[in-house]
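Peer 1: Prediction below, plus the sequence it came from.
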Amino acid sequence: MKKYWFTFVAAALLGNVTLAQEKDTLRLTLTEAIDYAVKNNPQLKSVQLDETNNQFKIKEIKSSALPQITGTAGGTDNFQRGAQLLPGEIMGQPGTTIPVKFGTRFVYNGNVQLSQNIYNPSITTGLKAAKESQGLYELQTFQSKEDLIYNMAKLYVQIQLAEKQKELYAGNIDRTEKLLDITSLQLKEGIIKKVDVEQLKVNLTNMRTQLSNVENDYEKTIDNIKLLMNLDMEQPIVITAPRGSEKVAVSKQLNLDANTDLNILDKQIQLQNLNTENIRAGYKPTLSFSANFGRQWQTEKLFKSNAATGISSGYYSLNLSIPIFDGSKKRNQIAQSNTALKQLELTKEYTAKQIQTQFRTANNNLNQNQKVFEAQTQNMQLAEDLYNVAKLSYTEGVSDLAELINAENSLREAQSQYLTAMLQTNLAELETMKASGQLSQLIKEFSINH
């Protein structure tokens, strides 16, 4: 096996994206399939909407720093005005009380009020936190994208395995069918025993069952790819290797700075510090400006402008609010925020060690699986050579059919071990790329260049 022969993710990300449809079957390279999934996967789209929603949150906070203007208007019909009793002495009727009605029947007014925050540290800190939170949503989107690409690549590994299985199993079936034709004639001539022919038939049935199971697994894998791509399940699709892609070696170095989980925790720590800063801002005074202008009209006859009396009023003011004592509310809020910060720092410390362990395990598995794969590749070739020798010996009448069947069984076992080693090596490469941060780095480089 060539070193680092299977760098499908790098190949996919470095390839060119062009969709091609041949008749009713959609033929895509791995590059095109990944690109299609990134653009159409519903779960990724849902996560991306969080970014959009946060943009509106930022604008919402910005709006609180802008002037707030409110207009009001109203009208009242005093169809039955109340009266107040006044001493009769006012009207020259001592010893009596006189009911007097005040105001007019119709009163209507218009009013405009303006308010503006001049100094409010909480708004400033809140806006800063909202802008920084955009980075968190972007990282979460990137993480979902990375997981999607990882899952697509993992499914592609299974497709490659199934295709290799079909190739080997079909070859086994073809050889056995030809041998069965020969032995059937030999049985008629009495050269071999019936039990030997029946053993071949049993082997052939098992091979056909194996091939059928592989084809079924292949279709299941294709359906899972369609699900990630958000394709119609009835749409036929074929996934092929990327075209003209450059091979990139799997990194054996751990890059914690490129790890998305740690990047998210760093951003959460930053936001938690801003939350503490925002609470502390509550200790500072706030200054605001407000103004009001209104006009009121009174009349006995509605819609008679010349009969209405208008009165204007207005004011403006500066309002200073100084926090003095809140019962230690903010002090306890800061303590809670600091506790949450400590939890995030501990989580980051543990996550970093966990990633180091995952990388070490993945790297060891990759080294071991590469050795096993190389050994099994040679072993399968040796088994093929032994089978060919046994077949030649049988054809020349030097050995019996049982020896050939044993050689065939050994070849099938060697093929099985080879396929298992191939799968484990490919998965180990993929896991190492993800654990080392190389997958994240490749996706970022691809995004910058496109």
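Peer 2: Alright, I've got the coordinates.
Peer 1: Look at residue 342 and say how many residues are nearby.
Peer 2: Neighbourhood size, residue 342 [other CB atoms under 10 Å]: 11. Just so you know, the C-beta spots here come from the backbone N, C-alpha and C atoms, and that holds for glycine as well.
Peer 1: what helix or strand does it sit in?
Peer 2: helix 329-395 (DSSP states H and E).
Peer 1: Determine the next helix or strand in the C-terminal direction from the helix or strand of the chain with the lowest mean pLDDT.
Peer 2: When the helices and strands of the chain are scored by mean pLDDT, DSSP states H and E, strand 20-22 comes last with a mean of 48. Per DSSP H and E, the first helix or strand lying C-terminal to strand 20-22 is strand 25-29.
Peer 1: in its sheet, what does that following strand sit against?
Peer 2: strand 20-22 (antiparallel), strand 237-240 (parallel) (DSSP bridges).
Peer 1: where exactly do the helices run in the stretch 1-150 of the chain?
Peer 2: Along the stretch 1-150 of the chain, the stretches classed as helices by DSSP state H, counting those that start in this stretch are 8-14, 30-40, 42-63, 121-188.
Peer 1: in the second one, what counts as buried?
Peer 2: The neighbour-count criterion (16 or more other CB atoms under 10 Å) identifies 30, 31, 32, 33, 34, 35, 36, 37, 38 as the buried residues of helix 30-40.
Peer 1: so the first one makes contact with residue 157?
Peer 2: The reference is to residue 30. No - using CB atoms under 8 Å, residue 30 makes no contact with residue 157, being 10.4 Å away.
Peer 1: returning to what we had before: just the buried residues of helix 30-40 now: which is nearest residue 294?
Peer 2: Nearest to residue 294 among those, counting by CB to CB, is residue 38 at 57.0 Å.
Peer 1: any idea how far the closest one lies from residue 149?
Peer 2: 7 Å (CB to CB, to the nearest Å).
Peer 1: Tell me how many other residues crowd residue 206.
Peer 2: Around residue 206 there are 13 residues (other CB under 10 Å).
Peer 1: buried ones in stretch 174-191?
Peer 2: 175, 176, 179, 183.
Peer 1: Now do the contacts for residue 183.
Peer 2: 192, 196, 197, 200, 401 (CB atoms under 8 Å, 6 or more residues apart in numbering).
Peer 1: Go again with 6 Å.
Peer 2: For residue 183, the contacting residues are 192, 197, by CB atoms under 6 Å, 6 or more residues apart in numbering.
Peer 1: just residue 62 next, same as before
Peer 2: So residue 62 contacts nothing (CB under 6 Å, 6+ apart).
Peer 1: Recalculate using a threshold of 8 Å.
Peer 2: Here residue 62 is in contact with residue 127 (criterion: CB under 8 Å, 6+ apart).
Peer 1: Could you pull out the buried residues of stretch 233-252?
Peer 2: 237, 239, 240, 242, 245, 248, 250, 251.
Peer 1: Show me which of those residues is closest to residue 312.
Peer 2: Nearest to residue 312 among those is residue 237, at 74.5 Å by CB to CB.
Peer 1: I'd like the buried residues of stretch 233-252 as a markdown table, with pLDDT and distance to residue 427 appended.
Peer 2: Shown next, in a markdown table, are the buried residues of stretch 233-252 (pLDDT from 0 to 100; distance: CB to CB, whole Å):
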| residue | pLDDT | distance to residue 427 |
| --- | --- | --- |
| 237 | 93 | 23 |
| 239 | 90 | 17 |
| 240 | 86 | 20 |
| 242 | 70 | 19 |
| 245 | 57 | 20 |
| 248 | 71 | 18 |
| 250 | 88 | 12 |
| 251 | 86 | 16 |
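Peer 1: In a markdown table: these, plus distance to residue 278.
Peer 2: Shown next, in a markdown table, are the buried residues of stretch 233-252 (distance: CB to CB, whole Å):
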| residue | distance to residue 278 |
| --- | --- |
| 237 | 50 |
| 239 | 49 |
| 240 | 53 |
| 242 | 48 |
| 245 | 48 |
| 248 | 44 |
| 250 | 44 |
| 251 | 40 |
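Peer 1: Name the nearest residue to residue 417, sequence neighbours excluded.
Peer 2: residue 376 (4.9 Å; CB to CB, 6 or more residues apart in numbering).
Peer 1: hang on, the one you found packs against residue 418?
Peer 2: Yes - Residue 376 lies in contact with residue 418 (CB under 8 Å); the separation is 4.4 Å.
Peer 1: before we move on, the earlier item: buried stuff in the following helix or strand past the helix holding residue 342?
Peer 2: The first helix or strand that comes after helix 329-395 along the chain, using DSSP H and E, is helix 401-436. Across helix 401-436, burial judged by 16+ other CB under 10 Å covers 401, 404-405, 407-408, 410-412, 414-415, 417-419, 421-436.
Peer 1: Same question for stretch 161-171.
Peer 2: Buried, per 16+ other CB under 10 Å, within stretch 161-171: 161, 162, 164, 165, 168, 169.
Peer 1: CA atoms only: put stretch 142-156 into PDB for me.
Peer 2: C-alpha atoms of stretch 142-156 as PDB (Å, rounded to 0.1, in the frame of the first residue of the first chain):
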ATOM      1  CA  PHE A 142     -18.600  25.400  11.100                       C
ATOM      2  CA  GLN A 143     -18.700  22.500  13.500                       C
ATOM      3  CA  SER A 144     -22.000  21.300  11.900                       C
ATOM      4  CA  LYS A 145     -20.400  21.600   8.500                       C
ATOM      5  CA  GLU A 146     -17.300  19.700   9.700                       C
ATOM      6  CA  ASP A 147     -19.500  16.900  11.100                       C
ATOM      7  CA  LEU A 148     -21.400  16.700   7.800                       C
ATOM      8  CA  ILE A 149     -18.300  16.400   5.800                       C
ATOM      9  CA  TYR A 150     -16.900  13.800   8.200                       C
ATOM     10  CA  ASN A 151     -20.100  11.800   7.900                       C
ATOM     11  CA  MET A 152     -20.100  12.100   4.100                       C
ATOM     12  CA  ALA A 153     -16.500  10.900   4.000                       C
ATOM     13  CA  LYS A 154     -17.200   8.000   6.300                       C
ATOM     14  CA  LEU A 155     -20.100   6.900   4.100                       C
ATOM     15  CA  TYR A 156     -17.800   7.100   1.100                       C
END
